[in-house]
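**Q** Task: produce atomic coordinates for the following.
(one chain, ligands or ions: 2)
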Amino acid sequence: MNEADDPYAETGRLLFAREVDFVLGAAQLTQLPEPDRPEICFAGRSNAGKSSLINALTGRRDLARTSNTPGRTQQLNYFSMAHPDTGPLYMVDLPGYGFAKAPVAEVERWQGVLRAYLRGRATLRRAYVLVDSRHGIKAVDEDILKMLDVAAVSYQIVLTKADKPKAGALKTVIETTQTAIAKRPAAFPDLIVTSSESGDGVADLRAAIARVVMEG
Ligand SMILES: Nc1nc2c(ncn2[C@@H]2O[C@H](COP(=O)(O)OP(=O)(O)OP(=O)(O)O)[C@@H](O)[C@H]2O)c(=O)[nH]1
Ligand SMILES: [Mg+2]
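**A** Ligands and ions are numbered 1, 2, ... in the order given. Modelled structure (predicted):
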């Protein structure tokens, strides 16, 4: 949707312009905060740009730690936010799945926590599954999407790093991704195409988040 026509654009803008506080990093499910408010999360392969997108959404350079090294985020990082229209909510930066430059036992531990979180978190309103626009959906993404479909967790695909591919290649990846998710039961049919670098699509994502929290 065009940003100017989206009734949630202004709420989304204001929601992310307000305070966003780091709450905690959970290494295990027992460390998660009380499920007392809606939450949204960012999932995706290692290095897909999850932490960068949180920084772009909030307009803060290093609220979430980013890195060139896949496997930077190793805990479920909780951020709290609030707006009078949405009420309080949590935004969660997840560790990546797939390849990570970290010890195997560590990676297996956090992958287990990540999957259990995605399947079982009752207050999770929507998972944003980030896909690098240079690569499109890969087999590891398919695994996660299938798991979300089975668990009936609503999710939306967000293409990241849209500043990287040439326009033609971006158009192709948008089309193939749209086709790939069209028949997935828990997938939101529209993609959001973003660049944390240029800011493209970031306002659309803010509006989408405001909408999903307000519509319940
Ligand atoms: N050009 C470009 N680079 C980006 C963009 N978003 C992220 N990056 C780069 O991609 C790399 C990974 O970004 P992160 O935000 O740390 O990725 P992540 O998904 O949080 O990674 P893990 O925590 O390791 O799973 C960093 O070098 C970022 O600078 C973008 O929109 N454009
Ligand atoms: Mg990260």
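
**Q** Quick check: residue 164 touching residue 133?
**A** Yes: the pair residue 164 / residue 133 is scored as a contact, 6.5 Å apart, by CB atoms under 8 Å. Where C-beta positions appear, they are placed from N, C-alpha and C, glycine not excepted.

**Q** Compare those two (neighbour count), which wins?
**A** Using other CB atoms under 10 Å as the criterion, residue 164 and residue 133 rank with residue 133 on top: 25 against 14.

**Q** Just give the closest residue to the more buried one, not the sequence neighbours.
**A** Distances taken as CB to CB, 6 or more residues apart in numbering place residue 159 nearest to residue 133, at 4.3 Å, with adjacent residues excluded.

**Q** ok so that neighbour is a strand residue?
**A** Yes: assessed by DSSP: H, G, I helix; E, B strand; the rest coil, residue 159 belongs to a strand.

**Q** That one bridge partners, please.
**A** residue 131, residue 193 (DSSP bridges).

**Q** Report the closest residue of this protein relative to ligand 1.
**A** residue 96 (2.6 Å; CB to the nearest ligand atom).

**Q** what does the model give that residue for pLDDT?
**A** For residue 96, the pLDDT comes out at 92.

**Q** starting at the chain centroid, how far to the longest helix seen in the chain?
**A** Across the chain, the longest stretch assigned as helix under DSSP state H is helix 104-120. Counting by CA atoms, centre = their mean, to the nearest Å, helix 104-120 is centred 16 Å from the centre of its parent chain.

**Q** buried set for it?
**A** Within helix 104-120, the residues scored as buried using 16 or more other CB atoms under 10 Å are 107, 109, 110, 113, 114, 115, 117, 118.

**Q** repeat for stretch 209-216
**A** Buried-residue list, stretch 209-216, by 16+ other CB under 10 Å: 209, 210, 211, 212, 213, 214.

**Q** Filter these down to the ones in helices?
**A** Counting by DSSP H, the part of the buried residues of stretch 209-216 found in helices is 209, 210, 211, 212, 213, 214.
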